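Colleague: Output the structure for:
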Amino acid sequence: MRDVQNERDYRNIAINKVGIKDLRYPITVLDRGRGHQHTVASINMYVDLPHECKGTHMSRFVEMLHLFRPKLSLKTFSDILGQMKHHLNAASAHIEVKFPYFMEKIAPVSKSPGLMDYTCRFIGSINSDSKVDLVSEITVPMSSVCPCSKEISDEGAHNQRGRVCLSTRFKKFIWIEDMIELVERAASCDIYSVLKRSDEKFITEKGYANPKFVEDIVRDIALELQADSNITWFAVAVENYESIHNHNAYAYITSGRQPRI
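Modeller: Alright, predicted model coming up:
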């Protein structure tokens, strides 16, 4: 049969990224406490396309993913990216894997267990020199109490739920759980899925005793990351869903310019 995709293109325009997007796929990721955790990911896979090529071979992306399914993780990203380059005759390759990650959290007073879900994303790229770039990203919900509101109010202070998005590059493997716990320590109080009345009292009082602006949270996280010699680059964004405003509060810190591949 005629292979139209493999024919020559005469428009003389190269394509930076071409591939598949939002493929839902079961994966296994490393779990600090249980060894492994099964989840379902949304996966994007791309390669570059030279100006003379009409199209890429879309089915090969899924075929390669199936081969690596038992060991899809940051540790195997280099192999996956290398195989993408080789099998698709590309100069560069990119993969993004986004998935929910679950951790059991114990309520602070009643000790009631519950599962918290966090959104995680692994991003990998390989360039024409076979240099691999890997980024781990987590999104963590948290709560904050406004220091200004506490200072000027005779009773109480306004508080709100927010989220922190943390991206990191590193020298050696880091656990998802370690990064989540780092973020939660920086909040006025962390968030739980199961709370009894005694727990609600505890976290309300804990947050009130530990008021923080988004500026405080983002700086406290940055301080911990700067002190970690394993972290080579980071970007952290904090967003509060304001309870008394019709807008959100936002703060962002990056450790330096992000390299491009």
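
Colleague: immediately after the lengthiest strand in the chain, which helix or strand?
Modeller: The residue-count maximum for a strand in the chain (DSSP state E) belongs to strand 15-31. Next helix or strand after strand 15-31 toward the C-terminus (DSSP states H and E): strand 35-49.

Colleague: Just checking: what are the partner strands of that next one?
Modeller: strand 15-31 (antiparallel), strand 93-106 (antiparallel) (DSSP bridges).

Colleague: residues in contact with the longest one?
Modeller: Read it as strand 15-31. 36-49, 55-56, 58, 61-62, 65, 69-73, 75, 94, 97, 99, 101, 120, 175-176 (CB atoms under 8 Å, 6 or more residues apart in numbering). For the C-beta atoms, the positions are set from N, CA and C on the backbone; glycine is no exception.

Colleague: Give the buried subset of the residues you listed as a PyMOL selection command.
Modeller: One line in PyMOL is enough to select the buried ones among the contacts of strand 15-31; burial here means 16 or more other CB atoms under 10 Å:
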select buried, resi 37+41+43+44+45+46+47+48+49+56+61+65+72+73+94+97+99+101+120+176
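
Colleague: For the stretch 51-200 of the chain, which segments are assigned as helices?
Modeller: According to DSSP state H, counting those that start in this stretch, the stretch 51-200 of the chain carries its helices in the segments 58-68, 77-87, 147-152, 176-186, 197-209.

Colleague: Next secondary structure after the longest one?
Modeller: To tie it back to what came earlier, the one meant is helix 197-209. Going down the chain from helix 197-209, the next helix or strand is helix 214-226, by DSSP H and E.

Colleague: buried residues in that next one?
Modeller: Within helix 214-226, the residues scored as buried using 16+ other CB under 10 Å are 214, 216-222, 225.

Colleague: same question, stretch 148-160
Modeller: Neighbour counts using 16+ other CB under 10 Å place 150, 157, 159-160 of stretch 148-160 among the buried residues.

Colleague: Kindly report the same for stretch 117-127.
Modeller: 118, 120-127.

Colleague: Equivalent analysis for stretch 243-256, please.
Modeller: 249, 251, 253, 255.

Colleague: what residue ranges in the stretch 51-200 of the chain score low on pLDDT?
Modeller: Residue ranges of the stretch 51-200 of the chain with pLDDT under 70: 69-72.

Colleague: repeat that for 50
Modeller: Judged against pLDDT under 50, the stretch 51-200 of the chain has no low-scoring part.

Colleague: Just confirm residue 237 contacts residue 218, I think it does.
Modeller: Yes. Between residue 237 and residue 218 a contact is recorded at 7.4 Å, counting by CB atoms under 8 Å.

Colleague: Now the common contact residues for these two.
Modeller: Counting by CB under 8 Å, 6+ apart, the residues touching both residue 237 and residue 218 are 164, 251-252.

Colleague: Out of those residues, the closest to residue 203 would be?
Modeller: Closest approach to residue 203 among these (CB to CB): residue 164, at 17.2 Å.

Colleague: so who does the closest residue in space to residue 61 that isn't next to it in sequence touch?
Modeller: Nearest residue to residue 61, sequence neighbours excluded (CB to CB, 6 or more residues apart in numbering): residue 45, at 4.4 Å. Residue 45 is in contact with 19-20, 23, 61, 65, 84, 93-96, counting by CB under 8 Å, 6+ apart.

Colleague: just to revisit the earlier point, of the buried residues of stretch 148-160, which belong to strands?
Modeller: The strands, defined by DSSP E, take in 159-160 from the buried residues of stretch 148-160.
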